[in-house]
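Asks: What follows is a predicted structure for the sequence shown.
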2 protein chains.
Amino acid sequence: MKRLKSWVDIPKDSDFSIYNIPFGVYSKGSGHYAIATAIGDFVLDLDVLHANQYFYDLDLPKDIFKSRYLNPFISLGKPMTQTIRLRLQELLMEGGVLQHDLKTNREAFIKQGTVDMLLPLDIGNYTDFYSSKEHATNVGTMFRDPSKALLPNWEHMPVGYHGRASSIVASGTPINRPYGQLKDPAKESPDFGVSKRLDFELEMGFVIGRGTELGDVVPIHEAREYIFGMVLFNDWSARDIQVWEYVPLGPFLGKNFASSMSPWVVTMEALEPFRVPAPEQATKVLPYLREQRHDTLDIHLKVAIQPKNSLETEVCQSNYKYLYWTMEQQLAHHTINGCNIKVGDVYASGTISGPTPDSYGSMLELGWKGTKPIPVSDGTTRTFIEDHDRVVMRGHAGDQHQRVGFGTVETLVLPPKKILYDND
Amino acid sequence: MKRLKSWVDIPKDSDFSIYNIPFGVYSKGSGHYAIATAIGDFVLDLDVLHANQYFYDLDLPKDIFKSRYLNPFISLGKPMTQTIRLRLQELLMEGGVLQHDLKTNREAFIKQGTVDMLLPLDIGNYTDFYSSKEHATNVGTMFRDPSKALLPNWEHMPVGYHGRASSIVASGTPINRPYGQLKDPAKESPDFGVSKRLDFELEMGFVIGRGTELGDVVPIHEAREYIFGMVLFNDWSARDIQVWEYVPLGPFLGKNFASSMSPWVVTMEALEPFRVPAPEQATKVLPYLREQRHDTLDIHLKVAIQPKNSLETEVCQSNYKYLYWTMEQQLAHHTINGCNIKVGDVYASGTISGPTPDSYGSMLELGWKGTKPIPVSDGTTRTFIEDHDRVVMRGHAGDQHQRVGFGTVETLVLPPKKILYDND
């Protein structure tokens, strides 16, 4: 692969190397927004570049980069969005024409952290899969029969369910600990109260780049054409609410109080160099789930907990490549019945747990249902997430020579809001 | 109650009496739309009325009635939307000023059936509850342990799950029979094929009229302020796909291939006269689910099946009032964890089954899992829905003196589309 060098000063360990060029949306204040990319420590405003004729030959709508969400941009289609991505790469490379346009640079480059990065997508539909065999086995062992931890359908289909789109928030948005019904197994009736088993789930999501009509099927060998990019995703879960409510219709209030998403969508093209074989599927799958090459992406993932006034403690190291079901299989399955998909939909992977106990992607598993406390930096321990903890997820592919990363998705957990109700 | 008389010739059994004044959206062709009401056999174009100054004093945006969806109109808030509804009632009453404005009338009144009524809402979030005790008991009896048909959580909370928003279609949109994984209990592995147990679910949905922020709770005594109106809802289900996939995360591909919705949203104010007590809840509910008056709505519901080239056969008569959980309880539960709601969200009731076998709201129950064939008009029988069947749902409150109805939600079932895959 050709080595690319940028004229922008990019730290060696930056997720936003010249090889990445992700897309996001930032707030310019007073209800104004711009679509941007990230390069090194900078946010680069694409609307400013557009106004300065850097895309003059591309027949783009005038206001395309002023959108609140990426959806209209993504809807331009892969040929156009990839042309723009490659143009940006060209402009940012040593000798690129942007290098000496100081006037444009002064306006277009903004130091990261000085502006608010927003939820980048208008998410019409959000589905959460359950595609880690290790996670499904761990959960099945804890809550159901350990000898039949994996349910009969699990190796035949990428099991999933519909999640809540409205409560997906951007990284940096604090969440409140939720209330709900909690059932003490020793008691006959549930109590009302605050969740005591608040948990993260380390996930990644893929973003739809091309929609279908109701009744259409996305064939597995075409699935990649429908996927624009990926994000880091924290699927917040209240285990005590979930366990009482979820039979027979699945997770509901135990999940829909919040999910947190990274602000940058990394394109599939940027991730393509990091393809690796996916775990072998010993159970033969039906033809609509059969891939010509069963491969996935090597994306290193980490989770840290930062207690109030203390440092981060890394509690998990996992990898996207551990997932049993690939995103192509997930999408082929989701549409095999004709379910239509829309640009901006998010399809999350389910908790990404690896084979070793330090690679489990949730506190439920790391702390093994509350039985194995995890030490954190302030001298206390955690079996679940406490108020004022900040949970930080990170993800990147590659190494210092060619690194493509997602930045962070981080969330501060606040105490429950005061409400009127109690137990009697 | 004051008797109202319209100058429009309204058939006695019309769902769209002067007491109703629902809201919908119709297509004017070439990408133009208008918000309308229904009166008798007519669609009444509100954009034409607006252009002719019938709302001159109301400070409305100029294009408010040109929207593709009702969402911006609903977002005006109840005081405004009810003012408009009452203005329409006034204009349509004997002696109302519209009566003699023949020029406006010629443009504003369109015969129903001559224009396409569209899906009226941009549905950001769709939740399906499971609030009929009879339905939950029937399903539990058929698929789980008859002696424990109702699960332990059922009488403590309105159980629900997130459904798929993208595949909700307007009445009149045909659907294709879905493909999926089907598991013969006698075999070890699932087969790929076409659903043989395609079913309707007779439901109603309520539409959110006022949103909340993430973390906010809708207190049960304020729930009505957040509800704009109601629709008829057919939650299509493929029982054979559903039964194999739904443990442990709930319904997914067995449901998300389509749901059908009536085009007219009937406001809560039009339905208010039809309040009746809701079924007694013997199990004491937690305070956040306790109502000052546990009441519901008396809405008569019917389902008919019309085989190809034949007449309709009525297969079910039910009533919204049979539901154990009220919509106020559903909304209070949905938000108790801080889950935010948005204008245009749809919250469906779950299948509305009554106490007698002819009031069951699905073929699964009417045909008792395929064991009790139901005769239809062409001399054949049904245990589930066949290709080329048209399923028609109707609903209305009141009687000939004051009738407030929903029209129909009707759907033609087409054979499966041809696709590439088979079983080997």
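Replies: The structure has been received and is ready for your questions. Residues are numbered from 1 along each chain as shown, chains lettered A, B, ... in the order given.

Asks: got a pLDDT number for whichever residue of chain A sits closest to chain B?
Replies: Nearest to chain B, among the residues of chain A, is A:Gly250, at 2.4 Å (C-beta to the nearest C-beta). Yep, even glycine has a C-beta here, placed from its N, CA and C like the rest. What the model reports for A:Gly250 is a pLDDT of 97.

Asks: pretty sure it is touching B:Val247, no?
Replies: No. In terms of C-beta atoms under 8 Å, A:Gly250 does not count as a neighbour of B:Val247; the distance is 9.2 Å.

Asks: need the residues of the stretch 251-400 of chain A near chain B, please.
Replies: For the stretch 251-400 of chain A, the residues in contact with chain B (C-beta under 8 Å from any C-beta of the partner chain) are A:251-253, A:256-258, A:286-288, A:333-334, A:336-342, A:345.

Asks: quick one: pLDDT of the nearest residue to A:Gln402 once chain neighbours are set aside?
Replies: What sits nearest to A:Gln402 in space, not counting adjacent residues and going by C-beta to C-beta, 6 or more residues apart in numbering or on different chains, is A:Tyr19, at 5.1 Å. With respect to pLDDT, A:Tyr19 scores 98.

Asks: mean confidence score for the lengthiest helix in chain A?
Replies: In chain A, taking DSSP state H as the definition, the longest helix is helix A:78-92. Across helix A:78-92, the average pLDDT comes to 98.

Asks: Next: stretch A:330-339.
Replies: 98.

Asks: Please apply the same query to stretch A:410-420.
Replies: On average, stretch A:410-420 scores 93.

Asks: Okay, buried residues for that stretch please.
Replies: Applying a neighbour-count criterion of 16 or more other C-beta atoms under 10 Å in any protein chain shown, one finds A:410-413, A:416 buried in stretch A:410-420.

Asks: again with stretch A:255-272
Replies: Quick answer for stretch A:255-272 (16+ other C-beta under 10 Å): A:255-268, A:270-271.

Asks: for stretch A:103-118, same thing?
Replies: Buried, per 16+ other C-beta under 10 Å, within stretch A:103-118: A:104-105, A:108-110, A:112, A:115, A:117-118.

Asks: quick one on the thing from earlier: please pick the buried ones from the residues of the stretch 251-400 of chain A next to chain B.
Replies: The buried subset of those - by 16+ other C-beta under 10 Å - is A:251-253, A:256-258, A:286, A:288, A:333-334, A:336-342, A:345.

Asks: Once you drop chain neighbours, what's closest to A:Thr267?
Replies: A:Gly229 (4.4 Å).

Asks: who in the stretch 51-200 of chain A is up against chain B?
Replies: Counting by C-beta under 8 Å from any C-beta, the stretch 51-200 of chain A sits next to chain B at A:124-125, A:130, A:144, A:151, A:153, A:156-157, A:159-167, A:169, A:173, A:175-176, A:178-181, A:183, A:189-192.

Asks: just the buried members of those?
Replies: Judged by 16+ other C-beta under 10 Å, buried ones among these: A:124-125, A:130, A:151, A:153, A:156-157, A:159-167, A:169, A:173, A:175-176, A:178-181, A:183, A:190, A:192.

Asks: How many neighbouring residues does A:Trp369 have?
Replies: To be clear, residue A:369 is Lys; Trp isn't right here. 17 (other C-beta atoms under 10 Å in any protein chain shown).

Asks: Strands of the stretch 101-250 of chain A, start to end?
Replies: Using DSSP state E, counting those that start in this stretch, the strands found in the stretch 101-250 of chain A span residues A:109-111, A:126-129, A:160-162, A:168-170, A:175-176, A:179-182, A:191-194, A:198-199, A:202-208, A:227-234, A:237-238.

Asks: Now do the contacts for A:Asp9.
Replies: By C-beta atoms under 8 Å, 6 or more residues apart in numbering or on different chains, the contact list for A:Asp9 reads A:Gly40.

Asks: quick one on the thing from earlier: neighbour-wise, which of A:Gly250 and B:Val247 wins?
Replies: Neighbour tally, A:Gly250 and B:Val247, criterion other C-beta under 10 Å: the higher count belongs to A:Gly250, 26 against 16.

Asks: so which of the strands of the stretch 101-250 of chain A gets nearest A:Arg382?
Replies: For A:Arg382, the closest of those is strand A:198-199, at 10.3 Å, according to C-beta to C-beta.

Asks: what sits up against that closest one?
Replies: Against strand A:198-199 from outside (C-beta under 8 Å, 6+ apart): A:177-178, A:236-239, A:362-364, A:384-385, A:413.

Asks: do stretch A:103-123 as well
Replies: A:23-28, A:33, A:38, A:41-45, A:48-49, A:52, A:54, A:68-71, A:98, A:165, A:168-172, A:207, A:231, A:261, A:263-265, A:344-346.

Asks: That one: how far from the chain's middle?
Replies: 19 Å (C-alpha atoms, centre = their mean, to the nearest Å).

Asks: first vs last residue of that stretch, how far apart are they?
Replies: With C-alpha to C-alpha, to the nearest Å as the measure, the ends of stretch A:103-123 fall 36 Å from one another.

Asks: what's the average pLDDT for that stretch?
Replies: Mean pLDDT, computed over stretch A:103-123, is 98.

Asks: my guess is the residue nearest to A:Thr267 meets A:Leu297, correct?
Replies: No. When contacts are counted by C-beta under 8 Å, A:Gly229 is not listed as touching A:Leu297 (11.5 Å).

Asks: so A:Ser75 touches A:Val343, yeah?
Replies: Yes. Here A:Ser75 reaches A:Val343: they are 5.0 Å apart, a contact under C-beta under 8 Å.

Asks: With neighbour numbers in mind, choose between these two.
Replies: For A:Ser75 and A:Val343, the more surrounded residue by other C-beta under 10 Å is A:Val343, and the numbers stand at 23 against 17.

Asks: Is it correct that that one is in contact with A:Arg210?
Replies: Yes. Between A:Val343 and A:Arg210 a contact is recorded at 6.7 Å, counting by C-beta under 8 Å.

Asks: got any residues that touch both of the two?
Replies: Counting by C-beta under 8 Å, 6+ apart, the residues touching both A:Val343 and A:Arg210 are A:Phe228.

Asks: Next, count neighbours for A:Asp399.
Replies: Using other C-beta under 10 Å, A:Asp399 has 10 neighbouring residues.

Asks: what's the answer for A:Thr381, then?
Replies: Neighbour count for A:Thr381, taken as other C-beta under 10 Å: 12.

Asks: Give me the distance between it and A:Lys308.
Replies: Distance, A:Thr381 to A:Lys308, by C-beta to C-beta, to the nearest Å: 15 Å.

Asks: go on, A:Ile336?
Replies: A:Ile336 is 47 Å from A:Lys308, where distance means C-beta to C-beta.

Asks: Likewise for A:Ser75?
Replies: For A:Ser75, the distance to A:Lys308 - C-beta to C-beta - is 42 Å.

Asks: so where do the helices sit in chain A?
Replies: Secondary structure of chain A (DSSP H): helices at A:46-51, A:71-74, A:78-92, A:102-108, A:133-143, A:239-245, A:268-271, A:327-335, A:363-366.

Asks: A:Gly172: what's it in contact with?
Replies: Counting by C-beta under 8 Å, 6+ apart, A:Gly172 touches A:116-117, A:263, A:410-411.

Asks: What of A:Leu70?
Replies: With contact taken as C-beta under 8 Å, 6+ apart, A:Leu70 is in contact with A:23-25, A:35, A:120-121, A:265, A:344.

Asks: so which of the helices of chain A gets nearest A:Thr356?
Replies: Closest to A:Thr356 of these, according to C-beta to C-beta: helix A:133-143, at 9.0 Å.
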